[in-house]
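Visitor: here are the coordinates; sequence isn't available:
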């Protein structure tokens, strides 16, 4: 029987309705901003470097879903399905919600597309599930840019990842509010010329299991062997853990008791620093260098303790253990009686960079100055200490594994490290942080350099509210001599300053003597790298007492000089001249360079005279005006023994180039 006309019309309508589904391609989706999407079916989905896609429903992809560098996809526990391909590219980010993580193949995990799944080894894998504990899944590669967990129920490493036992992290391992359990594997924090990976512990997040932290040496200043200051970011380490390819540490306790430790064979390559040795041990050299002692193979690299290691730039040190996390106190940072006492080699205890200025701001240093000293090697046995204090000098950011010096202001010093001091943002250079607002403080940055410009040292003079002309632990940094032999500082009394914080420049000329040390006689220069924010009409000069030259200073100005000795202390003076005042006379400049210390004196004191001074008559008189001591003093520093004198107040009379000077001396 022939079909009815009505039935034929119905069948035809059904075919017409089906045609779009059979023959028409699905639309493409390109995401270049932050947007939500209800899900649905698409051909190609592309998330660009500025795109963030957050799903509100399941998505089916027939072509390719691509997450480009800088882009991010958040499925929010909705499925990614379809016959298409999945391509997570380098520096792209994927939020993973499934309890099964991501799988290389099969209908499991957050990505279930049946085409090719590509998970870059330079992408960011962010586990943010809310349905219970998660596993990484075997789709996660064994090298990632970052591995981050925001699941408070925790994340566990899958044991059947395709390659190797370690999971290598290029930049960030983050535990945010939950744990990352290594499940018997080891997570490696990679370190190379591109940067050093770090751990972020936030909201109580922890790492359960072992981590290997690499510490690459950037050979910017010297490519060969040199001294590098280390501290351990992991628990349970000893100095023997410094063994690495091409380097085996040498320990020799005979160094500690030798009168001439520099002649000890074999010469140690790993040292700790003990300030209690300074001024006590019988050795040459004296002073600061007496604090060094040979390390021991079994000596613990406890959290916050620093060591110096003579190691080649091609060597990469590795530490393996449980990462340090939480609060650590470094105590018993005392200060002996010697002029060079009080230095302590401590270190960043964390597997991440930390901000020393943050620690100082919250009062984490007790009886310890605010200055930070980090050693930068620039030769086999040479290098400089870079200084940071109160926003002056170099960066206060301390890298992972970095040791550094601080100086105690008395006994009972303590440094208290806290997680709040740690950096939370990855920076290839370990972060560069500056004062948040434009710095309006008057400041002079003066650099001493050799003729070849291969060695340089800087001293800084600035003004700060609350600062005095004496030493202020909050504003001033003592001078720590560089191994290179090139040293520049200002000196007031016994104290030499690498950073000198002063009260506001007043209505009278301020004279600031410089101490200059060079490794050998030759040609050198003093250059103003920066001179800013001087009060209106105020000018700064550099006076060379030896030649009688006075040079007006400005940013970029330079003064070349020659010296036949390795010290030029008392030769140069910085003159800060306020508007409307006369320039300092030669006699005033000479007088400013006379330094007397310590004062009060116990047994002896030192008189430092200008470099041009010769056969200066000196008389010490008591309160009755009676002469109790006569000497003829030479240039630079002369020690005067007053151990036979009674305690009291005395006056030191000097005749300096026809100028009569009197200095008050208290003998204890």
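Guide: Received the coordinates, thanks. Predicted model, so just to flag it, every value in this text is computed and none were measured.
Visitor: look up which residues are beta-bridged to the residue nearest in space to the middle of the chain.
Guide: Centrality entry for the chain: nearest residue to the mean C-alpha point is residue 398, 2.5 Å, by C-alpha atoms, centre = their mean. Beta-bridge partners recorded for residue 398 (DSSP bridges): residue 354.
Visitor: cool, residue 294 as well?
Guide: Note on residue 294: beta-bridge partners by DSSP bridges are residue 271.
Visitor: pull the contacting residues for it.
Guide: 251-256, 268, 270-272 (C-beta atoms under 8 Å, 6 or more residues apart in numbering). For every residue, glycine as well, the C-beta is placed using N, CA and C.
Visitor: which SS state does the closest residue to residue 342 other than its chain neighbours fall under?
Guide: For residue 342, ignoring the flanking residues on the chain, the nearest one in space by C-beta to C-beta, 6 or more residues apart in numbering is residue 335 at 3.6 Å. Secondary structure for residue 335, judged by DSSP: H, G, I helix; E, B strand; the rest coil, is coil.
Visitor: so what's residue 335 up against?
Guide: Contact analysis of residue 335 by C-beta under 8 Å, 6+ apart lists 275, 341-342, 407-411, 413.
Visitor: related to what we said a few turns ago, which residues touch the residue nearest to the centre of the chain?
Guide: Contacts of residue 398 (C-beta under 8 Å, 6+ apart): 347-348, 353-356, 372, 374, 404, 430.
Visitor: now, the most widely separated pair of the contacts of residue 294?
Guide: The span of these, defined through C-beta to C-beta, is set by 254 and 272 at 15.3 Å.
Visitor: looking at these two, which one has more neighbours?
Guide: residue 272 (19 against 12; other C-beta atoms under 10 Å).
Visitor: quick one, strands of the stretch 251-400 of the chain?
Guide: 270-273, 292-294, 307-312, 317-321, 328-333, 343-347, 354-355, 365-366, 372-379, 382-389, 392-393, 397-398 (DSSP state E, counting those that start in this stretch).
Visitor: pick the most deeply packed of those strands.
Guide: strand 397-398 (a mean of 25; mean count of other C-beta atoms under 10 Å).
Visitor: so what secondary structure elements neighbour the helix or strand that comes right after that strand?
Guide: Downstream of strand 397-398, the first helix or strand assigned by DSSP states H and E is strand 403-407. Applying 3 or more C-beta pairs under 8 Å, 6 or more residues apart in numbering; DSSP states H and E, one finds that strand 403-407 contacts strand 225-230, strand 343-347, strand 372-379.
Visitor: what's the angle from strand 403-407 to strand 372-379?
Guide: Between strand 403-407 and strand 372-379, the angle comes out at 130 degrees (axes from the mean of the first three to the mean of the last three C-alpha atoms, to 10 degrees).
Visitor: how far does strand 403-407 sit from the chain's center?
Guide: Once both centres are worked out by C-alpha atoms, centre = their mean, to the nearest Å, strand 403-407 turns out to sit 11 Å from its chain's centre.
Visitor: contacts for that strand?
Guide: Here strand 403-407 has contacts from 229-231, 273, 306-308, 333, 335, 342-348, 356, 365, 368-369, 371-375, 385, 398, 415, 478, 480, using C-beta under 8 Å, 6+ apart.
Visitor: residue ranges with poor pLDDT in the stretch 201-350 of the chain?
Guide: 221 (pLDDT under 70).
Visitor: how about the helices in it?
Guide: Shown for the stretch 201-350 of the chain, no helices are assigned by DSSP state H, counting those that start in this stretch.
Visitor: now residue 551: how far from residue 585?
Guide: Relative to residue 585, residue 551 is positioned 17 Å away (C-beta to C-beta, to the nearest Å).
Visitor: domain parsing for the chain?
Guide: Domain assignment of the chain by automatic domain parsing yields the ranges 24-164, 225-421, 443-585, 595-667.
Visitor: nearest to residue 179, out of those?
Guide: Using C-beta to C-beta, the nearest of these to residue 179 is domain 24-164, at 4.5 Å.
Visitor: could you give me the average pLDDT of stretch 654-668?
Guide: The pLDDT scores in stretch 654-668 average 81.
Visitor: any residues touching that stretch, and which ones?
Guide: Under the contact criterion C-beta under 8 Å, 6+ apart, stretch 654-668 has outside partners 586-587, 590-591, 594, 596, 599-602, 605, 607, 609-610, 612-613, 616-618, 620, 633, 642, 645-653.
Visitor: coming back round to it: looking at the contacts of residue 335, which is nearest residue 542?
Guide: The closest of the contacts of residue 335, once distances to residue 542 are taken by C-beta to C-beta, is residue 407, at 28.2 Å.
Visitor: doesn't residue 368 make contact with residue 342?
Guide: No. Taking contacts as C-beta atoms under 8 Å, residue 342 lies outside contact range of residue 368: 9.0 Å.
Visitor: which residues do these two both contact?
Guide: With C-beta under 8 Å, 6+ apart, residue 342 and residue 368 have common neighbours 407-409.
Visitor: name only those of these that count as buried.
Guide: 407-409 (16 or more other C-beta atoms under 10 Å).
Visitor: in JSON lines: these, plus pLDDT.
Guide: Below are these laid out as JSON lines (pLDDT from 0 to 100):
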{"residue": "407", "pLDDT": "98"}
{"residue": "408", "pLDDT": "98"}
{"residue": "409", "pLDDT": "96"}
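Visitor: from those residues, pick the one nearest residue 491.
Guide: Among these, and counting by C-beta to C-beta, the member closest to residue 491 is residue 407, at 16.5 Å.
Visitor: relative to residue 297, how far out is the closest one?
Guide: From residue 407 to residue 297 the distance is 29 Å (C-beta to C-beta).
Visitor: please apply the same query to residue 135.
Guide: 40 Å.
Visitor: more neighbours: which of these two?
Guide: Each of residue 135 and residue 297 has its neighbours counted (other C-beta under 10 Å); residue 135 has more, 23 against 14.
Visitor: for that one, give me its contacts.
Guide: Residues near residue 135 by C-beta under 8 Å, 6+ apart: 99-101, 155-158.
Visitor: 6 Å - rerun?
Guide: The neighbours of residue 135, taking C-beta atoms under 6 Å, 6 or more residues apart in numbering as the test, are 101, 156, 158.
Visitor: next: residue 172.
Guide: Counted by C-beta under 6 Å, 6+ apart, residue 172 has contacts 146, 426.
Visitor: report pLDDT for it.
Guide: With respect to pLDDT, residue 172 has a value of 97.
Visitor: against residue 356, how distant is it?
Guide: 21 Å.
Visitor: residue 253 too?
Guide: Between residue 253 and residue 356 the computed distance is 32 Å (C-beta to C-beta).
Visitor: okay, these two: which has more neighbours?
Guide: A direct count of neighbours by other C-beta under 10 Å for residue 253 and residue 356 places residue 356 higher, at 24 against 13.
Visitor: ok, the residue nearest to the more buried one when sequence neighbours are not counted to residue 366 distance?
Guide: The spatially closest residue to residue 356, leaving aside those adjacent along the chain, is residue 396, at 4.2 Å (C-beta to C-beta, 6+ apart). Relative to residue 366, residue 396 is positioned 18 Å away (C-beta to C-beta).
Visitor: same check on residue 293?
Guide: In terms of C-beta to C-beta, residue 293 sits 25 Å off from residue 366.
Visitor: can you give me the helices in the chain?
Guide: 5-23, 356-361, 586-592 (DSSP state H).
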